[in-house]
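Chemist: Whatever this is, show me its structure:
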Amino acid sequence: MSSTSSAPLTVADVSEAHLVELLHAALPTRPAEAVSLGIGDDAAVLAPSTGSSVATVDAAVEGEDFLSQWPSGYATTGWDVGFKSCAQNLSDVNAMGAVATTALLVLALPSDTQLAWVRDYAAGFSAAAEQLGAGRLRVVGGDLSGTRTLTVSVSMSGELAGAPLLRSGASAGDTVVVIGETLGRADVALGLLASSRPADRVEGWGAQERTVARALFEPRPPLAAGPALVGVATAAMDISDGLVRDGARLARASGVALELDPLALRAELDALEAWASRHATRGVDHVLYGGEDHLLLATLPEGVQLPVGARRIGRVLPGAGITLGGEALDERKGFDHFA
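Modeler: Here you go, the predicted model:
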């Protein structure tokens, strides 16, 4: 058999119609309450409830948001990109207190992209919706395009049962909480993937390294928490660019200051180090400045019982900015696409 005939199929070897059929079969596209007409026509027809809806969009660009090959030797898969592109949009919808219902996907693919990558992308996206509990989510359409740089964009909408959660409602005296996994996991994973040390090469990874690395590609936004906070939380937002940077955004929107509790942050770091062992090399900076965790940051009125899974990490004060133990924190140390 010639080397040409045995080479894996790429998107250049099949038609656009074939790719559409592949994605349609693998993604959550079956009829749903919020969708009158899905994939197959020029546009989808939605049937939202009588309440309000929210909409968000995120892009993942190879070389900017992920590397096809990391210094550690790990090769990013379509499944990795699919899971994360779904999860990060689900997190934004959740942070508004809404339940995700529809998604539009745009895949801009170089001609040498293997067909298996596209299939794995769809499988990862579907796995995220299923594992994270987004049972109402349906993919209702999208677009395919050729490009020199692999780019994925997801637009997602969701429905609200009440008033949306905003960043702008926190008041002095409120309690600051975080809901979800331990802060800093994705940052530890990034450090492992980006390491070129011989001890961190992928071929030598054990069970712990494989678990740590997954945290970058498989964020776990607490989807039950957002809707449950509607009417309870005074403010909320997704933590994607780091606790300090996003906390400062919430403080600025609300016209207040956030004071973080050193003991609570120490507990976060202890849990992180127990999970990651020697890979947590940046100490509390993982917790303060690490991005991509996609957890939920919220403020609650004083005296309100903490929701399930919520951890108190500070309080809201009059003023501006964000502090830890009385010392001002620099939000510029968080993640910035253009820094």
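
Chemist: okay, CA-based contacts and neighbour counts for the rest of this
Modeler: Will do.

Chemist: how about residue 161, secondary structure?
Modeler: coil (DSSP: H, G, I helix; E, B strand; the rest coil).

Chemist: wait, what's in contact with it?
Modeler: Residues counted as contacts of residue 161 (CA atoms under 8 Å, 6 or more residues apart in numbering) are 51, 52, 98, 227.

Chemist: pLDDT averaged over stretch 257-267 - what is it?
Modeler: Averaging pLDDT along stretch 257-267 gives 97.

Chemist: Begin at 34 from now on, thanks
Modeler: Yes, from this point I'll number from 34; that puts the last item at stretch 290-300.

Chemist: And for that stretch, what's in contact with it?
Modeler: Stretch 290-300 is contacted from outside by 205, 209, 280-281, 284, 317, 320, 345-359, using CA under 8 Å, 6+ apart.

Chemist: now do 7 Å
Modeler: For stretch 290-300, the surrounding residues in contact (CA atoms under 7 Å, 6 or more residues apart in numbering) are 284, 346-358.

Chemist: now it, how far from the centre of its chain.
Modeler: Stretch 290-300 sits 23 Å away from the centroid of its parent chain (CA atoms, centre = their mean, to the nearest Å).

Chemist: Could you export the contacts of stretch 290-300 to TSV, including columns for pLDDT?
Modeler: As requested, these are exported to TSV (pLDDT from 0 to 100):
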residue	pLDDT
284	97
346	98
347	97
348	97
349	98
350	97
351	97
352	96
353	96
354	95
355	97
356	97
357	96
358	89
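
Chemist: From those, pick the one nearest residue 252.
Modeler: Residue 252 lies nearest to residue 346 out of those, by CA to CA, at 20.4 Å.

Chemist: wouldn't that closest one be in contact with residue 212 here?
Modeler: No - assessed by CA atoms under 7 Å, residue 346 is found out of contact with residue 212, at 10.2 Å.

Chemist: quick one, which of those two is more surrounded?
Modeler: residue 212 (24 against 21; other CA atoms under 10 Å).

Chemist: ok, that one touching residue 345?
Modeler: No - contact between residue 212 and residue 345 fails when scored by CA under 7 Å: they sit 9.1 Å apart.

Chemist: Tally up the residues packed near residue 337, please.
Modeler: 11.

Chemist: Name the nearest of the contacts of residue 194 relative to residue 95.
Modeler: When the contacts of residue 194 are compared against residue 95 (criterion: CA to CA), the nearest one is residue 131, at 29.3 Å.

Chemist: which stretches of the stretch 234-372 of the chain have low pLDDT?
Modeler: Regions of the stretch 234-372 of the chain meeting the criterion pLDDT under 70 cover residues 367-372.

Chemist: hmm, back to that, can you tell me which of the contacts of residue 194 are in helices?
Modeler: If you go by DSSP state H, those have residue 260 in helices.

Chemist: got JSON lines for the contacts of residue 194, with neighbour count and distance to residue 304 too?
Modeler: Shown next, in JSON lines, are the contacts of residue 194 (neighbours: other CA atoms under 10 Å; distance: CA to CA, whole Å):
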{"residue": "84", "neighbour count": "10", "distance to residue 304": "40"}
{"residue": "85", "neighbour count": "14", "distance to residue 304": "38"}
{"residue": "131", "neighbour count": "31", "distance to residue 304": "29"}
{"residue": "260", "neighbour count": "23", "distance to residue 304": "27"}
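
Chemist: Thank you kindly, that will do.
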